[in-house]
Every structure is written in structure tokens, then in C-alpha cells.
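Asks: The sequence and its predicted three-dimensional model are supplied below.
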There are 2 protein chains.
Amino acid sequence: MSTSVTLLAGGVGGARLAHGFARALPDGGAPGAHGGLTCVVNVGDDTERHGLHVSPDLDTVMYTLAGLNDEERGWGLTDESYAVLDQLGRLGEDTWFTLGDKDLATHVVRTARLRAGEPLSAVTAALTRSLGVDARLLPVTDDAVRTRITTPDGELEFQEYFVRRQHADAVLDLDFAGIDAARPGPGVLDAITGGDLLVVAPSNPFLSVEPVLGVPGVREALRAGGPRRVAVSPIVGGRALKGPAAQVLESLGHDVSALGVARLYTGLVDVMAIDAADEALAAPIADLGFEVLVTDTVMGGPEGRERLARELLELAGS
Amino acid sequence: MSTSVTLLAGGVGGARLAHGFARALPDGGAPGAHGGLTCVVNVGDDTERHGLHVSPDLDTVMYTLAGLNDEERGWGLTDESYAVLDQLGRLGEDTWFTLGDKDLATHVVRTARLRAGEPLSAVTAALTRSLGVDARLLPVTDDAVRTRITTPDGELEFQEYFVRRQHADAVLDLDFAGIDAARPGPGVLDAITGGDLLVVAPSNPFLSVEPVLGVPGVREALRAGGPRRVAVSPIVGGRALKGPAAQVLESLGHDVSALGVARLYTGLVDVMAIDAADEALAAPIADLGFEVLVTDTVMGGPEGRERLARELLELAGS
């Protein structure tokens, strides 16, 4: 199969589907004459902890593609230890943001290289190479974009909302600080317009996908088309598979359903992939102008991811 | 006993004697009406590893006073693990500078606070407080001083010489980059002139003590006197107890003996403390104008350190 796939991805949902494509494509999705996989990843969740630059979504995708992700938790590395974090606590640091020792090495290297003037895209390329990842990972931008959440208790930094307060607050509004001045990272627009298949991962539409689309030029590139474009609904049977997508859709006044998600992606993708559990929504989604792929979108293990990826790859040829 | 002691210290020798004073003085050497212990510490060995600011001498003194130093190695913390360092290696980083996980937490916190604009002295005060150290640790300066070693193979950064090449190179010359513009840190000059007893630790005269004395104003303050001043020879029986002091003295053309050390401290201290093994040198050292204390200067365990500290404390009253 010779297909160039570009995946717009947040964290866990994006990572799992990326893993599926890496398994389905030749050479683990390494870019080449036969195509390959490019993941364009959200950086709105990036944060600074203990002076270290942490890129949670990039790392989740990177670790998953490297086969090092802790599958049970969904984030971080397998076989982790927490010696540094324990000691940081003894030194008076806040430790609610869990950082494993091996994970911390990533942040130490990233921070050092960023401080030395390398852009995040170059640092990401070096890290993925070191970890043996074949697919290409692109931060959507090398500039700082920071998601902030307005809750009834005021505005929160993303990780404060997501990790410390365990996304329990109602989301009244979202702001992506810096996004208006952000420029798409090297290769991002080409990857969106130039491939055979463009996939919007089953990631949170507001927290993960919107800060990707909102980087000036990205939404326009997606809208312009070129490749076949498909979005996979992160809502199945009215619930999010992981994370606060359902609450966020609801508190922002959207239908908590694959139909609600489809409305958000109108004009951006050609195909909506929805789960068999939501088959009843195929007709109303089709009425919005989408082609609808009804399949099993719940990616259990690696095989389930690969199966979904192969089904999506068939869209590229159709 | 009500005595204010100031110790000019490098790494291991300074740390051990500091520990002795902390045991000998009330409240672990905490500053107060009854006196206390102030350590003025070399920062010429400071380095940046993986983007983190490492202060080896400050940390050796701090960890030793906290009872956390790895006594066998002489540096680093007890019960260390190396998960981060292993992973840094996997990510392509040089790992010849051994950093334990707990130790790394110190460097992460220090680096974050320095980057946030805090001076090294404030960061050091916070770290020592967190680790329960009662004595006062002062970096000799908040400014950057970096020891560089000229060897037959060219100029080396200090840790390159000391750790990577295991201080095997002949030292042809020394340079303390930045020292001419460095200002003594807050409290340093007062501690040197204002106490009851000023002790030059049995640290390497060139690598550890000289970058302390060379900060403009420090040597002058020491020379001006006020407290009783004593230096403990780091050379016993013609050999250094630890590290390259013997080689450095020799290659720079000095006597590798307590007498050679005494010559370097002429005019700076009143008393030379030498080991019983060097009793024969008491007379020639006295001829240089020193009072000579002949004792057991080889600090075995904590009791040996405390015993030496108590002997030195007696000088303050004499």
C-alpha cells in the first residue's frame, strides 16, 4: 500500500490511531516514496513544570509509537520510577503533576535544546529518532500556544484544569493564548494539503483539535482539501471514550454525540467515521453533507488500532 | 560554647570539616546569638549538564550537613538510583557526568529558580532549609565563576578535567573565568571579617580555595583579619587525602607538603593546622610566621570530624 497519511492528533486517542497507522503502513510509517505517516500534534497542553518544558500530547504520541507508553494509564512510560519527583517534593515543589524518572529525561533534553535555541520541531525530530520512532511527528507550531480554561472558579492553566483538578470543572470558555501569532511548524501545511489521506483523530474537538486547527493557516489548509479527509468521532454512544470530551461539548452547548461532533467538522472533512453503536446517527450526519463510515471505532489493543487504520486507509483509494 | 565560625570550603574536605563544626556547635551550627557556622563555598566547579545548573561543591557540603552524602564515594546522595541518567543516555546525551535521580531534583529546582531570576545565594538558602541543614551555606559569589584548566592537551572545562578525564592531566595553568567581575555574595565579607574563627578547609588550594579567595574583596577581607584564622593542610605526609591536590601543587611548582601549602597561605591565616605525620614541618612552618597546630587532621568518620572541629574551636578562644 502506498499512502501518505496525515493525522491531526491530541493525546491518547491520537496516539492510539497513530499507532494503528504505524502498524498498517510499511516501515512503521516512515516517510518515503511509498508514503508514510505524519502526525500533526497539539501543543496547547504544553506546560512548564519545575522549569522543564513538558509537551504531553507530543510525548503520548511519541511514547506510544515507540512502544513505550504505559497503556494502562494512557500516558507516561512503562516501568517508571519516581525518585526525582519524590525528592522534588522534599525540596518543597508541588508534585501534583506526576513525572516519572524516564519521562523527565525527555523534558530535560527538550528544555535544554529549546533553551539552546532549537525549535520544538527539531527537538521533537531528534527525540523521536532517539526512541526509534519511524513516523514523523510535527508539533503544529514551534510557537507557544497555551490552552486556558474558563471555569466557574475562574481561568485555569490547562494542566491545572486537566490534571490537578481532574477536569471536574465545567468549561465555560476556552482560550488558546498565543495562537493568533503562532505560525504553522515546518512541514505542517504541506502535510495537511499534500497527502493522500487526512485524518482528524478521535481526540477532544475543543481541547485537542481546536488548538491545532486554530493556528493561522491550518484550518484554511484543511478546508482547501486535496487529500481525502476523514474525522473519527471521539464520542461513542453519547460518551467520551476517555477524558472530558462529553462534559466539554455539553457545557459549551453542543450535542454530546457523533452528530454534535460532525457539526463541528462541517466543511472540514469529507467523511465522518462513527461507531456501530451510533449507526442511527449515520443518516442525520449524511444530511449534513458527510459521507459516513460506520465501523468499530473503539480501539482496544494494537490489533484494533491497526484494523481501524486499515479501514480508514481504504478511504484514500476510494 | 558561643563561637561564630566561618569556613572557606571546596568539596569533600570542606564538607567533612563543616560536618564536624555542625556537630560541635549548638543547634547544628544554626546562626544565632550563640554564634553558628557559615560555610563560604567555591562555585568554580559549577557546570551546566543537560541544561541543568550543577553546583558540586555547594551540594557536597549541603548533602553532608544534611546527613545525606554518600560517604563511600564522597559525593552525591545515599541510596541513589540512575533512571534519568540511563534514559538520557538513550536519548543521545553524554552521560560521563554521573547524576543520580535524587541529586537531579536539586539541579532541577536550582535551575528553575535561577532562570526565574533568583540569585544562587537565595536558591542555596531555600535548598538547605528544605533539607534540614541548620548551618548557613553561602556561595562565595552569585556571579558565574568557571574554573578552566590548561593541560598539555589544551584548556579544559573543570568537570571535563576532573570527572571525565579523572584529573589525570598535568595542570599547567588555571583560569577562573568571570572572577574579576564577580562580586562577593550577600553576607560573605561580613562572615569572613566578623566571626570568631575563620577556617580555610583542607580543600585543594588551587582548585577549591583559590577561586574563593580570588573573588575581588575576599582575599583582602581575609588578610584584614578580625577573627582568628586557621588553615588546615590538605596535604598529609606528602600526599593529598583525596583528589588531585598533590599533582596540582607539583605541576605548578610548589612543594607537595604542608609546608608548600603554608607558603601559599602566608599573610592570610594565623595558624596552620598540620597532621601529626608532618610534625617535622612544624618548625619550618613556624619560621614562616605561623602558629602551628599539630594534630590528627585526617577526619575518619563523623567523630573524627567533630574532634578536629573542637580542637580548632579552641583556637578561637586563645
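Replies: Nice, I can see it.
Asks: Check which residues of stretch A:273-290 are buried.
Replies: Of all the residues in stretch A:273-290, those buried under the rule 16 or more other Cβ atoms under 10 Å in any protein chain shown are A:273-275, A:277-278, A:281-282, A:285, A:290. All C-beta spots, glycine's among them, are computed from the backbone N, C-alpha and C.
Asks: A:Asp153: neighbouring residues, count only.
Replies: By the criterion of other Cβ atoms under 10 Å in any protein chain shown, A:Asp153 has 12 neighbours.
Asks: try A:Gln247
Replies: Count around A:Gln247 with other Cβ under 10 Å applied: 16.
Asks: same question, A:Asp180
Replies: 10.
Asks: I'd assumed A:Pro211 was in contact with it.
Replies: No - A:Asp180 is beyond contact range of A:Pro211, at 11.9 Å (criterion: Cβ atoms under 8 Å).
Asks: Give the residue spans of chain A that score low on pLDDT.
Replies: A:1, A:318 (pLDDT under 70).
Asks: quick one: the strands in it?
Replies: A:3-9, A:35-41, A:47-49, A:52-54, A:136-139, A:146-151, A:154-157, A:173-177, A:197-200, A:228-232, A:235-236, A:239-240, A:271-275, A:291-295 (DSSP state E).
Asks: Pairing partners for the fifth one, with directions?
Replies: Strand partners for strand A:136-139, identified by DSSP bridges, are recorded as strand A:35-41 (parallel).
Asks: Would you mind listing what in the stretch 51-200 of chain A touches chain B?
Replies: Within reach of chain B by Cβ under 8 Å from any Cβ of the partner chain, the stretch 51-200 of chain A has these residues: A:51-52, A:80-81, A:83-88, A:90-93, A:100-102, A:104-106, A:108-109, A:111-113, A:115-116, A:126-127, A:130-131.
Asks: near chain B, which residues of the stretch 201-318 of chain A?
Replies: Counting by Cβ under 8 Å from any Cβ, no residue of the stretch 201-318 of chain A sits close to chain B.
Asks: Which part of the stretch 201-318 of chain A gets nearest to chain B, residue-wise?
Replies: Residue nearest to chain B within the stretch 201-318 of chain A: A:Pro302 (22.5 Å; Cβ to the nearest Cβ).
Asks: quick one: contacts for that residue?
Replies: If a contact means Cβ atoms under 8 Å, 6 or more residues apart in numbering or on different chains, then A:Pro302 has A:19-20, A:23 as its contacts.
Asks: that older thread, tell me which of the strands of chain A lies nearest to B:Ser251.
Replies: strand A:52-54 (40.7 Å; Cβ to Cβ).
Asks: Which strands and helices lie in contact with that closest one?
Replies: Secondary-structure packing of strand A:52-54 (3 or more Cβ pairs under 8 Å, 6 or more residues apart in numbering or on different chains; DSSP states H and E): strand A:47-49, helix A:101-115.
Asks: do that again at 10 Å, thanks
Replies: Applying 3 or more Cβ pairs under 10 Å, 6 or more residues apart in numbering or on different chains; DSSP states H and E, we find strand A:52-54 packed against strand A:47-49, helix A:101-115, helix B:101-115.
Asks: Nothing else from me, thank you.
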